[in-house]
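Visitor: Using only what follows, build the 3D model:
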Amino acid sequence: MSMNLVTLLYLIASVCFIQSLKGLSHPTTSIRGNVFGMTGMAIAAFTTAALIVKLAGSATGLGWVLLGLVVGGGFGAWKAKTVEMTKMPELVAFFHSMIGLAAVAIAAAAAYEPWAFQITAKGGAIPGGNRIELALGAFIGAVTFTGSVIAWGKLSGKSKFRLFQGAPVVFKGQHALNAVLGLAAAFFVFGFWHSQSQMDFWIVIALGLVLGVTLIIPIGGADMPVVVSMLNSYSGWAAAGIGFSLNNSMLIIAGSLVGSSGAILSYIMCKAMNRSFFNVILGGFGGDAATAASGGGVQRNVKSGSADDAAFVMGNAETVIIVPGYGLAVARAQHAVKELAAKLTEKGVTVKYAIHPVAGRMPGHMNVLLAEAEVPYDQVFEMEDINAEFAQADVAIILGANDVVNPAAHVKGSPIYGMPILEAYKAKTIIVNKRSMAAGYAGLDNELFYMDKTMMVFGDAKKVVEDMLKAVE
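Guide: Numbers count the residues shown, from 1 in each chain. Have a look, this model is predicted:
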């Protein structure tokens, strides 16, 4: 295999990745986007395997590569088959951590044996530019690894260790510590560039591992969707940095695509949650909202009803807007919701779905759930497209959502003031399904629940929706 052919195949793989990203930008083209992504990765993997044989002069080292492909591919296939939709955010965080760890491992191998990666001749010094690229790639990869591990723990919420719980961990001088760690890392990156000292290189990695922890621990569970996209961006930049060191155009392009798209998505998420993008990057956001008191301990009365009552109201409506939230995902009620919507449509009711960009626990969580249930795409609307219709809607039914419909976002002084929300409170009648009156991730009481036109229907979302469906029939 000639190097010209290798370059051409890597270019084709890169084009596939670009088309994949384009396809994944909308649910209707997401399947095509995934096909492009898988095709590009297959081309890149087989080209790399052939390149290894060419550079080594034999297939001796190829066995380790194939072993990695079998083990990693097998694990990925198993997780894709068995993972629950509610566990997707944890899985994504785990994948990001593995990408970061891979970047550290590759950078370390290249720093120790640069001749094996054709960075320099055997025994020769690594060029100064490559030293900076290796150190930065390893540093970003280390931050991504430990930061993603902390994010995984906060999303799963099962650990007894406080670091891995949803609540933020804050202490005095936290930002100053992060700044010192960042400056120290820059100093040792300079040291590695100046002397190619392996000690400096490993200190850079160690500082990155620590900084990944201190950046993520002050962030509460309410802000994890932004953290997931932010770490996705970090993993891309780490891969791109290593790509420059290895002179691998495909890795540079793929890493840059992931890094830039993740950064753009993080910015969009920040706007949706009224957060500062720079505070996200510095790991200093989310504390106020996550630690807010819930309702001040005062018991308040709500108007509650049954699934039959809710079904009667929806059956006599002209327009119903469904607002899915994390409670729907936990109950796996998306299929039942689709059946309910279909039955209402048969009765002449216009049904639409309203999606908040950060509903659930990761960007696009609700879109994926509805797509899994094969909800027609023309019924699904983003927040900016559906908000103007709530005032004319006869019924807004909220299934397990809380913070994304909380009118407190319009109240100055509220921890979520300024956060764009789905304006379900404007609907003529509001039906809210929750297991209990517990607060959402932001820890805030929701005035929507106490409005005169609101009916609370308590219980598991799937069971409640199924009961509604029977009553509508």
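Visitor: Just give me the neighbour total for residue 392.
Guide: Residue 392 has 12 neighbouring residues, counting by other Cβ atoms under 10 Å. For the C-beta atoms, the positions are set from N, CA and C on the backbone; glycine is no exception.
Visitor: Same question for residue 384.
Guide: Residue 384, neighbours per other Cβ under 10 Å, totals 10.
Visitor: element containing it?
Guide: For residue 384, the enclosing helix or strand under DSSP states H and E is helix 383-386.
Visitor: Longest helix in the protein, please.
Guide: Ranked by number of residues, the top helix in the chain under DSSP state H is helix 128-156.
Visitor: Not counting its own residues, what contacts the helix holding residue 384?
Guide: For helix 383-386, contacts defined as Cβ atoms under 8 Å, 6 or more residues apart in numbering pick out 272, 321, 352, 354-357, 420-422.
Visitor: same deal with stretch 179-196?
Guide: Identification of contacts with stretch 179-196 by Cβ under 8 Å, 6+ apart yields 125-126, 128, 131-132, 134-136, 139, 197, 200-201, 203-204, 207-208, 210-211, 214.
Visitor: one step back: quick check: next helix or strand after the helix holding residue 384?
Guide: strand 395-399.
Visitor: partner strands of that next one, parallel or antiparallel?
Guide: Take DSSP bridges as the rule and strand 395-399 pairs in its sheet with strand 319-324 (parallel), strand 429-434 (parallel).
Visitor: Next secondary structure after the lowest-mean-pLDDT helix or strand in the chain?
Guide: Taking mean pLDDT, DSSP states H and E as the measure, the chain has helix 287-290 as its least confident helix or strand, at a mean of 41. Per DSSP H and E, helix 287-290 leads on to helix 307-315 as the next helix or strand towards the C-terminus.
Visitor: and that next one, which residues are buried?
Guide: For helix 307-315, burial by neighbour count (16 or more other Cβ atoms under 10 Å) applies to 307, 310-311, 313-315.
Visitor: Which pLDDT value does the model give residue 297?
Guide: pLDDT, residue 297: 48.
Visitor: Same check on residue 321?
Guide: We have a pLDDT of 96 for residue 321.
Visitor: and it, what does it touch?
Guide: Residue 321 is in contact with 351-354, 386, 389-390, 393, 395-397, 424, 427, counting by Cβ under 8 Å, 6+ apart.
Visitor: What distance do you get for it to residue 379?
Guide: With the distance defined as Cβ to Cβ, to the nearest Å, residue 321 ends up 10 Å from residue 379.
Visitor: and for these two, which residues touch both?
Guide: Common neighbours of residue 321 and residue 379, counting by Cβ under 8 Å, 6+ apart, are 351-353.
Visitor: okay, those residues in a markdown table with pLDDT next?
Guide: Supplementary listing: these in a markdown table, determined by pLDDT from 0 to 100:
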| residue | pLDDT |
| --- | --- |
| 351 | 95 |
| 352 | 96 |
| 353 | 96 |
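Visitor: List just the nearest of these to residue 473.
Guide: Taking Cβ to Cβ as the measure, residue 473 lies nearest residue 351 of those, at 15.5 Å.
Visitor: ok, that closest one - how many residues close by?
Guide: Neighbours of residue 351 (other Cβ under 10 Å): 23.
Visitor: Could you say which helix or strand holds it?
Guide: Judged by DSSP H and E, residue 351 forms part of strand 350-355.
Visitor: That strand pairs with which strands?
Guide: strand 319-324 (parallel), strand 380-382 (parallel).
Visitor: Export those to a markdown table and append columns for distance to residue 104.
Guide: Output for those, formatted as a markdown table (distance: least, Cβ to Cβ, whole Å):
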| stretch | distance to residue 104 |
| --- | --- |
| strand 319-324 | 38 |
| strand 380-382 | 37 |
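Visitor: Helices along the stretch 351-473 of the chain, start to end?
Guide: Using DSSP state H, counting those that start in this stretch, the helices of the stretch 351-473 of the chain run over 365-372, 383-386, 461-472.
Visitor: and the closest residue to residue 228 other than its chain neighbours, what does it touch?
Guide: Sequence neighbours aside, residue 362 is the residue nearest to residue 228 in space, at 5.0 Å (criterion: Cβ to Cβ, 6 or more residues apart in numbering). Contacts were defined as Cβ under 8 Å, 6+ apart; by that measure residue 362 touches 88-89, 92, 224-225, 228.
Visitor: Let me know the closest of those to residue 243.
Guide: Closest to residue 243, out of all of those and judged by Cβ to Cβ, is residue 92, at 22.0 Å.
Visitor: correct me, but the closest one touches residue 227?
Guide: No. Residue 92 is beyond contact range of residue 227, at 10.6 Å (criterion: Cβ atoms under 8 Å).
Visitor: who has more neighbours, the two?
Guide: The neighbour comparison of residue 92 against residue 227 (other Cβ under 10 Å) goes to residue 227, with 30 against 21.
Visitor: And that one, how far from residue 267?
Guide: 14 Å.
Visitor: Residue 336 too?
Guide: Going from residue 336 to residue 267 by Cβ to Cβ gives 35 Å.
Visitor: Which one's more surrounded, those two?
Guide: Taking neighbours as other Cβ under 10 Å, residue 336 and residue 267 compare with residue 336 leading, 22 against 17.
Visitor: Confirm that one sits in a helix?
Guide: Yes. Per DSSP: H, G, I helix; E, B strand; the rest coil, residue 336 lies within a helix segment.
Visitor: between the buried residues of helix 307-315, which is nearest residue 9?
Guide: Using Cβ to Cβ, the buried residues of helix 307-315 come closest to residue 9 at residue 314, 55.1 Å.
Visitor: list the contacts for the closest one?
Guide: By Cβ under 8 Å, 6+ apart, the contact set of residue 314 is 320, 344, 349, 395, 397, 431, 468, 472.
Visitor: mind redoing it with 6 Å?
Guide: Residue 314 sits next to 320, 395 when contact means Cβ atoms under 6 Å, 6 or more residues apart in numbering.
Visitor: Now do it, the pLDDT please.
Guide: We have a pLDDT of 94 for residue 314.
Visitor: cool, and residue 208?
Guide: For residue 208, the pLDDT comes out at 94.
Visitor: Against residue 94, how distant is it?
Guide: For residue 208, the distance to residue 94 - Cβ to Cβ - is 18 Å.
Visitor: quick one: which of the two has more around it?
Guide: Shown here are residue 208 and residue 94; by other Cβ under 10 Å, residue 208 has more neighbours (27 against 17).
Visitor: May I ask which helix or strand encompasses the spatially closest residue to residue 252 that is not a sequence neighbour?
Guide: Excluding the flanking residues, the one nearest residue 252 by Cβ to Cβ, 6+ apart is residue 243, at 3.7 Å. Per DSSP H and E: residue 243 is located in helix 224-246.
Visitor: just for the stretch 351-473 of the chain, where's the confidence low?
Guide: 361, 440-443 (pLDDT under 70).
Visitor: still on that earlier bit, kindly calculate the angle that the helix holding residue 243 makes with helix 365-372.
Guide: Angle, helix 224-246 to helix 365-372, by axes from the mean of the first three to the mean of the last three Cα atoms, to 10 degrees: 90 degrees.
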